[in-house]
Structures are given as structure tokens and as C-alpha cells.
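# the sequence isn't on hand, but the structure is:
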């Protein structure tokens, strides 16, 4: 079980609880604004871009190579960027805060 | 149009897949205060379609894990979903649609997101053989999954070596089926990619035990008690417990035709996704639009087009002046290979290949010195750089592009 907080572009803060699946699925399932997941979660569309809070990067780990490449589609991407379809929900990421890029 | 007129009334959407559903949510986001009524003949909650031939087919997930939007999202956004309901006709004169059960629903704006259905080619016995299946809906996949699982080492023949056929072959072979793909052309993916790509995917499938046979023109399908038999015009025969037809699609354009809209290889729409009737818009696979990037009419079968046209139609109906100018993109997952495509390669007269290593390369399509498209195999970087060059219509320094010692970056590839 993990609690994940999303901060949207409207500065809304939404905390959701999940046990499995991807963070993108959790967000889309609850209608978190700005996370679209158009490709269904296969790292093909880059519409689930989030910034991981600096202190939480240790929990999520950094973006993989393909993710880093895909993130370059967004000029605002930085070292805290992840495509959240590539973050699996587990106890290890409990408490993380993600700022939605869009 | 006054603000009130552009934000209220009843918007009816026919088709609740990627285009229809994304449109409904986008219209709410644009500030539409009126009703949004979404109709689809498919009884399932709207789901992602691309995974159906890929991970979803080979996996064990239920469709609930694969929904486009959560159930409560529709309630929250006040989008009324009417599933399992077929629309029988559109009456543009009186601005109503007629449902299969005879009921009529009035609209102020109508959006057609009717998509497409698999094409059944004129093969003798194709309709009569109970072992023949297509792959477009969640229930098609359910059927195929069950058939393959209920028999140890099922034999599957797939007619058509396009993306759907090859993705399905990959998924079914992962599930343990013995798969034969029969392609009519001399090479697979002939209409959509360069020979280099066809060769690569042919070898990829062979390495995983899928038998991909080309120049195989299927003429009839017969059946014995145990299996179906697929017969080609060269006399060869392929027995199979399951035959899957993946030779392309047919646009669901009949409602539009009967309503008198301009239809030509899809429902004709302008850059605002508007049809020849100002109260009716059309989006997604069912449309034929004038593509600004390629300066010609294009019909696309893709998530990108569905989602981007949905946004454009929503903005237009909300009274804005959007322009559809998105660059087409696609992807395909087969075995552990990821193909990403930026742009449309049709009309190319020159190809350049940049090889990073054996399973990691990109093919760049040009017409003279204009870049048209990029196929990136296991190399997202090429896809991203290609996308940027295409979007900005940059002239590419081809000598540098094919030089592996030069880092693949936009700045390194622009022709000064």
C-alpha cells in the first residue's frame, strides 16, 4: 500500500492510495488533471509527465533510458522528471509527492 | 455565436472509444455547460484499444484494468454514457439521431466518432467458417484468448502481415500458440515501411518461431471437424484451430453517408473537425482531413489522431478557432521490440538508415531533401529527435545524420 500525492497545475493537492499497477493508472482512474496516459502505459506518448519531489527521488529512482529520451519531447523536463506510467506502485514509494507537469 | 450558445444545449456523440471519450472530457474542460450524451454499440465501458493486440491479449488482465477513464469520472463530469445502443440514423434536417429501438434524441451539436471495423476480404468460406475471427473489440480478444487457452499448442493462421497481424502473432506466440502469418504482398508491412524494416520484423518473428510467409494470396477457407484449413492460390494449405483476419479496416461512414455529409475515404472534415454540415463534427479513425503538415487529405488510424482531433472539435464547439496541425505518430510493440513512428512516410523517394546496434536503429524517410517520417526501433531518441525536426520542418544534414560518431541531437543535425 502506498499513499501518493499529486499536485496539479491548479495547485490542487490530491492524495490517493494504491496497492499495485502504475502510478499513471492510479491517477487516470481518479481523474487527476494533466495526466492523460494516452498510450495506456507503454512509454509511447509522454502524456503522464510528473516532477518527483527532490527528496522522493530516492524512492522512485530516476527515469530509465527510454523514459529520459521520451521526456525530451517536453522542453520543461528536468532531473526530477518521470513518466509516471513507468513508476510501479509498491510500499517503497509510500508518501511520495508528484507535481503534474501539464 | 454568443457565449451562451457556444456553451450550452445538448451535444450528442456517436462512438465512445478514444476519440468520443476524449472529446467528451475535452468539451467539459472547454466550459460546455449543457448535456453531453455519448452513445456506443459496444456494451463494455470504454477501453484502450491499442493494447488489445499487444500486452492485453497475451496477459490475464480483465478489461476493467484497461479502461480509458474511471467509471466515476463520467459522473463527475456529467457525461451520460449510453452503452450497447446502436444509432440507426441521423436526421440533420430536424437535428435528431434515431436509435435502433426507434427512440429519437435531439442534438444541438453532433459529433461522429464512429471509428472503423475490420475488413473481411472476399475469400471463399470466410463467413461460413466458425474458426474465423477478427480483432477490434474487447470481446474479440476475449474470444481469441479463450480459444488459444482451451487447447494445448493451438495452431493459429493470421491473414495479413500488417501491424495488427504481426502484433497478434507476437502475443499469441508468447502464449504458446504455433503461429503462421500469411501476407499477400512480397514483404510484410509493405504499404507502410521500407524494405529494411520489413526484413527486420520478418527476422524478429522467425527468431521467435513465428512463420511469416509472403506472396501468399488466400483464396478460400474450408474446415474439417478438427480444424479450419486456409488455402492459398499457389495450392498451399494451412490447418488451424483459429484463423484471424487482419487485412485492414473499413470506415464506419454509413450514418454520415445517409445523412448526406461529404464522405470520401472517410468523413470529410476541415481543420476544425467540422463536416459539411455545420452542426456536425467528426473525429478519429472515421475522418478524412486535410493535413497541414503534409498538404494533402489523410485518413489516419491512430490514438494520436483520435485524441488530437477530439481536442480540436471540443475547442471549435466551445466557440474557439482551433486548427488541427498535429504531427501523426504511432507505435507498435512486438516481442521485446518497440517501434515508434513519427510522421507519414508515404511518397518517400530516399531512405537513410542509422544503426546504433543490431536491435536498435532508425529509418529516415525523405522526399528529395524534405524529411517525411522516422521509424525508430528500440531507440526513443531517434523518435524524439525526428519528431522535433518534423514539427519545425527543419532541413536535415544527412551526412551527419548517418554518422554514428555524431551525437543524435537536433542541434547537430540542422542543415546550416
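Received the coordinates, thanks. What you see is a predicted model; the values in this text were computed from it and never measured. Numbers count the residues shown, from 1 in each chain, chains lettered A, B, ... in the order given.
# who in chain B is up against chain A?
Chain B has residues B:18, B:48, B:50-51, B:54-55, B:65-67, B:69-70, B:72-73, B:76-77, B:303-304, B:307, B:331, B:333, B:338, B:340, B:379-381, B:383-384, B:387-388 near chain A, with proximity defined as Cβ under 8 Å from any Cβ of the partner chain. C-betas here are computed from N, CA, C, even on glycine.
# can you list the domains in chain B?
Taking automatic domain parsing as the domain assignment, the record places the domains of chain B at B:3-117+B:250-317, B:132-245, B:336-413.
# now the end-to-end length of the second one.
Counting by Cα to Cα, to the nearest Å, the length from the leading to the trailing residue of domain B:132-245 is 7 Å.
# list the contacts of stretch B:308-327.
Among residues not part of stretch B:308-327, those counted as contacts by Cβ atoms under 8 Å, 6 or more residues apart in numbering or on different chains are B:1, B:3, B:5-7, B:11, B:18-20, B:22-23, B:26-27, B:29-32, B:109, B:111, B:113, B:269, B:271-274, B:281-284, B:287, B:289, B:292-293, B:304-305, B:342-343, B:387, B:390-391.
# in that stretch, what's buried?
By neighbour count with 16 or more other Cβ atoms under 10 Å in any protein chain shown, stretch B:308-327 contains the buried residues B:308-318, B:322, B:324, B:326-327.
# check stretch B:69-83 too.
B:69-70, B:73-74, B:79, B:81.
# next one: stretch B:261-271
Of the residues in stretch B:261-271, B:261, B:263, B:266-269, B:271 count as buried by neighbour count, 16+ other Cβ under 10 Å.
# okay if I get those residues as TSV plus pLDDT and secondary structure?
Shown next, in TSV, are these (pLDDT from 0 to 100; DSSP: H, G, I helix; E, B strand; the rest coil):
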residue	pLDDT	secondary structure
B:261	98	coil
B:263	98	strand
B:266	98	coil
B:267	98	strand
B:268	98	strand
B:269	98	strand
B:271	95	coil
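# of the residues you listed, just say which sits nearest to residue A:47.
Checking the buried residues of stretch B:261-271 against residue A:47 with Cβ to Cβ, the nearest one is residue B:271 at 22.4 Å.
# just checking, the closest one touches residue B:293?
No. With contacts counted by Cβ atoms under 8 Å, residue B:271 stays clear of residue B:293, the gap being 11.6 Å.
# pLDDT score assigned to residue B:59?
Residue-level confidence at residue B:59 comes out at 91, pLDDT.
# which residue packs closest to the residue nearest to the spatial centre of chain A, ignoring adjacent ones?
The C-alpha lying nearest the average C-alpha coordinate of chain A belongs to residue A:84 (Cα atoms, centre = their mean; 3.0 Å). With Cβ to Cβ, 6 or more residues apart in numbering or on different chains as the criterion, residue A:84 has its nearest non-adjacent residue at 4.0 Å, and that residue is residue A:23.
# near chain B, which residues of chain A?
Counting by Cβ under 8 Å from any Cβ, the residues of chain A lying close to chain B are A:21, A:25, A:28-31, A:36, A:38-40, A:42-45, A:65-66, A:69-70, A:72-73.
# same thing but 6 Å
Within chain A, the positions lying close to chain B (Cβ under 6 Å from any Cβ of the partner chain) are A:29, A:31, A:38, A:40, A:44, A:66, A:69-70, A:72-73.
# from the residues you listed, which would you call buried?
Of the members of these, the ones counted as buried by neighbours, 16+ other Cβ under 10 Å, are A:29, A:31, A:38, A:40, A:44, A:66, A:69-70, A:72-73.
# now do the contacts for the closest residue to chain A within the stretch 301-416 of chain B.
The stretch 301-416 of chain B approaches chain A most closely through residue B:380 (3.7 Å), counting by Cβ to the nearest Cβ. Contacts for residue B:380 (Cβ atoms under 6 Å, 6 or more residues apart in numbering or on different chains) come out as A:66, A:69-70.
# closest to chain B among these?
Top of the list for closeness to chain B, among the contacts of residue B:380 and by Cβ to the nearest Cβ, is residue A:69 at 3.7 Å.
# any idea how far the residue nearest to residue A:84 is from residue B:123?
Using Cβ to Cβ, to the nearest Å, one gets 46 Å for the distance from residue A:23 to residue B:123.
# and those two? which has more neighbours close in?
The residue with the greater number of neighbours, taking residue A:23 and residue B:123 and applying other Cβ atoms under 10 Å in any protein chain shown, is residue A:23; the counts read 30 against 20.
# shouldn't that one be in contact with residue A:86?
No. Counting by Cβ atoms under 6 Å, residue A:23 sits too far from residue A:86 to count as a contact (8.5 Å).
# can you list the weak-confidence ranges in chain A?
Per-residue confidence for chain A (pLDDT under 70) gives no ranges below the cut-off.
# in which helix or strand does residue B:27 reside?
Counting by DSSP states H and E, the element that carries residue B:27 is helix B:18-29.
# show me the helices in the chain, by range?
Just going to use chain A. A:23-29, A:57-60, A:65-71 (DSSP state H).
# think we crossed wires, I meant chain B
Using DSSP H, the helices found in chain B span residues B:3-7, B:18-29, B:55-58, B:71-76, B:138-149, B:163-174, B:195-207, B:254-258, B:303-317, B:380-391, B:398-401, B:410-413.
# closest to residue B:366 out of those?
Evaluated over the helices of chain B, closeness to residue B:366 peaks at helix B:398-401, with 7.7 Å, by Cβ to Cβ.
# least confident secondary structure element in chain B?
In chain B, no helix or strand scores lower on mean pLDDT, DSSP states H and E than helix B:3-7, which sits at a mean of 53.
# for residue 76, which non-adjacent residue is closest in space?
Assuming you mean chain A. If the residues on either side of it in the chain are set aside, residue A:76 comes closest to residue A:101, at 6.3 Å by Cβ to Cβ, 6+ apart.
# I was thinking of chain B, sorry if that wasn't clear
Distances taken as Cβ to Cβ, 6+ apart put residue A:31 closest to residue B:76, at 6.4 Å, once the chain neighbours are dropped.
# good, we can wrap up now.
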